[in-house]
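Q: Sequence and computational prediction follow.
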Number of protein chains: 2
Amino acid sequence: MKLNIAVLSGDGIGPEVTAQAIKTLNAVADVYNHTFTFKEALAGAIAIDKTGDPLPQETLDLCLEYDAVLFGAIGDPKYDNDPSAKVRPEQGLLKLRKSLGLFTNIRPIKAYPTLIDKSPLKRDRIEGTDLTIYRELTGGIYFGEKKLNEQGTIASDLCEYSEKEIERIAHLAFKAARNRKKKLTLVDKANVLETSRLWRKVVTNIGKSYEDVELDYLFVDNAAMQLILNPSQFDVILTENMFGDIISDEGSVIGGSIGLLASASVGDENAMFEPIHGSFPQAKGKNIANPVASILSAAMLLEHFGLNEEAQAINKAVDKSLEMKIVTTDLNPDSQYGTEQVGDFIADYIAHAE
Amino acid sequence: MKLNIAVLSGDGIGPEVTAQAIKTLNAVADVYNHTFTFKEALAGAIAIDKTGDPLPQETLDLCLEYDAVLFGAIGDPKYDNDPSAKVRPEQGLLKLRKSLGLFTNIRPIKAYPTLIDKSPLKRDRIEGTDLTIYRELTGGIYFGEKKLNEQGTIASDLCEYSEKEIERIAHLAFKAARNRKKKLTLVDKANVLETSRLWRKVVTNIGKSYEDVELDYLFVDNAAMQLILNPSQFDVILTENMFGDIISDEGSVIGGSIGLLASASVGDENAMFEPIHGSFPQAKGKNIANPVASILSAAMLLEHFGLNEEAQAINKAVDKSLEMKIVTTDLNPDSQYGTEQVGDFIADYIAHAE
Ligand SMILES: [Mg+2]
Ligand SMILES: [Mg+2]
């Protein structure tokens, strides 16, 4: 397969972790005979520094033209600490998501056997956890009409959803469940909210065309409990924008390390893959940043294009690196391995696995 | 002090746990020279059985007239499993909350040293946790205008808040913080929602009259993480209705036992106190239900009327019962003690403490 991949490595540790993801993808291309073409473009603070714009038109054009975007991280303290700054790195990311029409955010959460002791949850709770959250990303209350009366004493936000918005993400989630443990849990608040009742109706209808997938429903307050009490019960969780924001951030801490968490943001025409961690400017250039989240984002990219075996090769190599303790110091303070060495190990393992 | 307390012990284990709370309050009345008058009224399934109405007018009148309501639990499987049932026990509770104007729900969450091993969180995470959540209960998206277009393809829910709605609960929360660890955390999503920005403005303003209370702010997605990562950082959490629903249910599982969790629902004129657990019909009449949540609800009742020393006497007696393992079988499967015996111990301890 030929894939043109736009690389927006961004700020802080973004470039060094993204370099390991590219290294890994190159190993995959070699072994499986694919042609992956990478082209780097500016985004974030570095783009402001060089062009004044956190998302230059040239970058946006490249992302629109290419098959996928591999994203690093953006953000720089010099903008965070300057309240007078009119342009901020993060604006580039919001504009990019919107311009690419990325309506689904996908966040896998997994308990790695060797890392369970790092989880805030006890071993017996977290063991066996392997779930993925499909969060609607462009609708709901975050994007609905906002009002404030003239006196500034009454405010409102409108949460709105259409059948169409629900259908498109529901199909993605059902398809994912079909390739996994065949279970989909819709998280909503259908006992109270009209939008949740629409979600439930639409998702139930779509579920009829995915007979092999078991569909169940959970109220969001209960889901927030179940995610702590028994996270291994879940396979695919599907939910609206705000519930997904809360639930996926809650879920991100149960695995024990944010340095391993990848994400995808997907639309009809475009897709972007990025670690959920930030630009971690203090670690920049020190060869200490954990590249695994970025490497697993690359695996999600492959999966997105149906290259499941290739994605599995990356996942297995990552499992092996954890098992063999070839990890950065965030996971093992005594480790001798840096960003680069972890990336090398994973790429080599893929290259030499039979 | 004279207090007239309406007792709605309801269904399932409601009557037996509430009886222990009354026993405890009677011990307090003896020791501290108060006059507590109790009057029982019907609510829930038992009220439907006897009158056809889950909240008979007589019950409502009593609650409105009396100083406080001590509530047990309602719900019966014979209504849950009958989809054709037009009257449901839970409707009585909703109507009662509304009729009494209870706009604030208060949920304390505490890690009891002897129960930490029951928590899904590791000991070092949960140790020292003692927080309370103030959740707005009558506004926000659960009560805002709901719409569904004629074709049934577009739905919406409106989240609305007024300055006044925020002010009244904010004062209660600041006063609570003043009597506790003097820290208040407003949980909102002010980076996105107009209503959250109004919350932030109003609460910040009110905070100026509570200079001894430290005020900080947390986005709800981050709060959902922090509650797992480091719950002991919190003292009083103040939040709107839906965020409070999610966060307080999430918080309810971190302590390790739902059988200990009390709650209060408070308005300008009325207040109601109840365990957060349900009617647990399978345990009805078996003398196995944990009465502690109901007893701690009685302590919240006393605190509500400024009887802090008396409330503390109950809390101490409960601590002692846990320490001495005078607990029901949910907390210790080998326990010889039942509902009644745990209530006796706690009441006796109060009666004989010097
Ligand atoms: Mg978030
Ligand atoms: Mg709830």
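A: Nice, I can see it. Ligands and ions are numbered 1, 2, ... in the order given.

Q: helices or strands up against the top helix by length along chain A?
A: Here the longest helix in chain A is taken by residue count, with DSSP state H as the criterion, and it is helix A:14-32. Helices and strands in packing contact with helix A:14-32 are listed as strand A:2-10, strand A:35-40, strand A:68-73, helix A:292-304, helix A:308-323, helix A:339-352; criterion 3 or more Cβ pairs under 8 Å, 6 or more residues apart in numbering or on different chains; DSSP states H and E. C-beta: built from backbone N, CA, C; applies to glycine.

Q: now the angle between helix A:14-32 and the third one, please.
A: Direction vectors for strand A:68-73 and helix A:14-32, defined by axes from the mean of the first three to the mean of the last three Cα atoms, to 10 degrees, enclose an angle of 140 degrees.

Q: Need the contact partners of strand A:68-73.
A: Outside of strand A:68-73, the residues within contact range by Cβ atoms under 8 Å, 6 or more residues apart in numbering or on different chains are A:3-15, A:17-18, A:21-22, A:38, A:43-44, A:63, A:96, A:100, A:270-275, A:277-280, A:294, A:297-298, A:301, A:304-305.

Q: how about a cut-off of 6 Å?
A: Applying Cβ atoms under 6 Å, 6 or more residues apart in numbering or on different chains, the set of residues contacting strand A:68-73 from outside is A:5-10, A:12, A:14, A:18, A:63, A:271-274, A:278-279, A:301.

Q: Partner strands of that strand, with direction?
A: strand A:2-10 (parallel), strand A:271-275 (parallel) (DSSP bridges).

Q: Need the per-residue pLDDT for the residue nearest to residue A:344 when sequence neighbours are not counted.
A: Leaving aside its sequence neighbours, residue A:344 sits nearest to residue A:23 (Cβ to Cβ, 6 or more residues apart in numbering or on different chains; 7.3 Å). According to the predicted model, the pLDDT of residue A:23 comes to 98.

Q: Against residue B:173, how distant is residue A:23?
A: Here the distance between residue A:23 and residue B:173 works out to 52 Å (Cβ to Cβ, to the nearest Å).

Q: Compare those two (neighbour count), which wins?
A: In this view residue A:23 and residue B:173 are compared by other Cβ atoms under 10 Å in any protein chain shown, and residue B:173 has more residues nearby, 27 against 19.

Q: List the buried residues for the strand or helix carrying that one?
A: When secondary structure is defined using DSSP states H and E, the element that contains residue B:173 is helix B:163-178. Within helix B:163-178, the residues that count as buried by 16 or more other Cβ atoms under 10 Å in any protein chain shown are B:163, B:165-166, B:169-170, B:172-174, B:176-177.

Q: helices and strands around the helix or strand that that helix is followed by, which ones?
A: Tracing the chain past helix B:163-178, the next element assigned as helix or strand by DSSP H and E is strand B:183-188. Where contact means 3 or more Cβ pairs under 6 Å, 6 or more residues apart in numbering or on different chains; DSSP states H and E, strand B:183-188 is packed against helix B:194-207, strand B:214-219, strand B:236-239.

Q: Please list the residues of chain A that sit near ligand 2.
A: residue A:221 (Cβ under 5 Å from the ion).

Q: Could you list the low-confidence segments of chain A?
A: Where chain A drops to pLDDT under 70, the residues are A:83, A:354.

Q: can I see the domain layout of it?
A: For chain A, whose domains are defined here by automatic domain parsing, the residue ranges read A:1-100+A:270-354, A:106-259.

Q: Pull up the residues of chain A that are close to ligand 1.
A: Proximity of chain A to ligand 1, by Cβ under 5 Å from the ion, involves residues A:245, A:249.

Q: Next, give phi and psi for the spatially most distant residue from the centre of chain A.
A: The outermost residue of chain A relative to its centre, with distances by Cα atoms, centre = their mean, is residue A:151 at 40.5 Å. Taking degrees, to the nearest 10, you get phi -80, psi -10 for the backbone angles of residue A:151.

Q: interface residues of the stretch 151-300 of chain A facing chain B?
A: Proximity of the stretch 151-300 of chain A to chain B (Cβ under 6 Å from any Cβ of the partner chain) is limited to residues A:153-163, A:192-195, A:198, A:220-221, A:224-225, A:228-229, A:245-246, A:249-250, A:253.

Q: No further questions, thank you.
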